[in-house]
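> Pasting a predicted model and its sequence here:
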Amino acid sequence: MYATILFDFWKTDSWLSYILTLLACFVFAAFYQYLENRRLQFKSLSSTRHPPSPRTGVSAPLIPKSSTRSAAKAASVVFFGVNAAIGYLLMMLAAMSFNGGVFIAIAVGLTVGYLVFRSDDDGVNAAVENPCA
């Protein structure tokens, strides 16, 4: 099977190279779901509201420390950027390669990645679910 995948230098010239390419697409798509799971965990960590401390009076700080929330928010933002780049790359690879095997490898990789990394959240992040990569 001869195919050019995404770049001119990534050409398959044998069945072995084609199968390795499909395996790479599969792993990359599953990795996307892993990163999406991490991003959603950081997002939920950064959005949790902690009740105000019971301290009152002079010893109570005017601005409570939220270093954990801000670090989680920054990580969520970074993961969003990486996920967006990988998602668009996968979408372009699946659509623009005009190769059925690549499309199937990416779709199955996304499905298996979702099963392994994201299917046990019990609908916690159902509002932010997006089936598009």
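That came in fine, so what should we check first? Numbers count the residues shown, from 1 in each chain.
> only C-alpha atoms for contact and neighbour calcs from this point on.
Noted.
> Quick check, pLDDT for Tyr18.
If you check Tyr18, the pLDDT there is 92.
> What are the phi and psi values at the closest residue to it other than its chain neighbours?
In space, and not counting its chain neighbours, Tyr18 is closest to Thr12: 5.3 Å by C-alpha to C-alpha, 6 or more residues apart in numbering. When quoted as degrees, to the nearest 10, the phi and psi of Thr12 stand at phi -100, psi 130.
> for Thr12, what are its contacts?
Residues in contact with Thr12, defined by C-alpha atoms under 8 Å, 6 or more residues apart in numbering, are Met1, Tyr2, Ala3, Thr4, Ile5, Tyr18, Thr21.
> For the fourth one, grab the count of nearby residues.
Per other C-alpha atoms under 10 Å, the neighbour tally for Thr4 reads 15.
> How about it, nearest residue that isn't a chain neighbour?
Excluding the flanking residues, the one nearest Thr4 by C-alpha to C-alpha, 6+ apart is Lys11, at 4.4 Å.
> isn't the one you found right up against Ala3?
Yes. Lys11 sits in contact with Ala3 when judged by C-alpha atoms under 8 Å, with a separation of 5.7 Å.
> Tell me which stretches of the chain form helices.
With helices called from DSSP state H, the chain shows them at 15-47, 67-96, 100-113.
> how about the last one: buried residues?
Neighbour-count burial for helix 100-113 flags Gly101, Val102, Phe103, Ala105, Ile106, Ala107, Val108, Gly109, Leu110, Thr111, Val112, Gly113 (criterion: 16 or more other C-alpha atoms under 10 Å).
> Do me a favour and average the pLDDT over that helix.
92.
> by contact count, what packs against that helix?
When contacts are defined as 3 or more C-alpha pairs under 8 Å, 6 or more residues apart in numbering; DSSP states H and E, helix 100-113 packs onto helix 15-47, helix 67-96.
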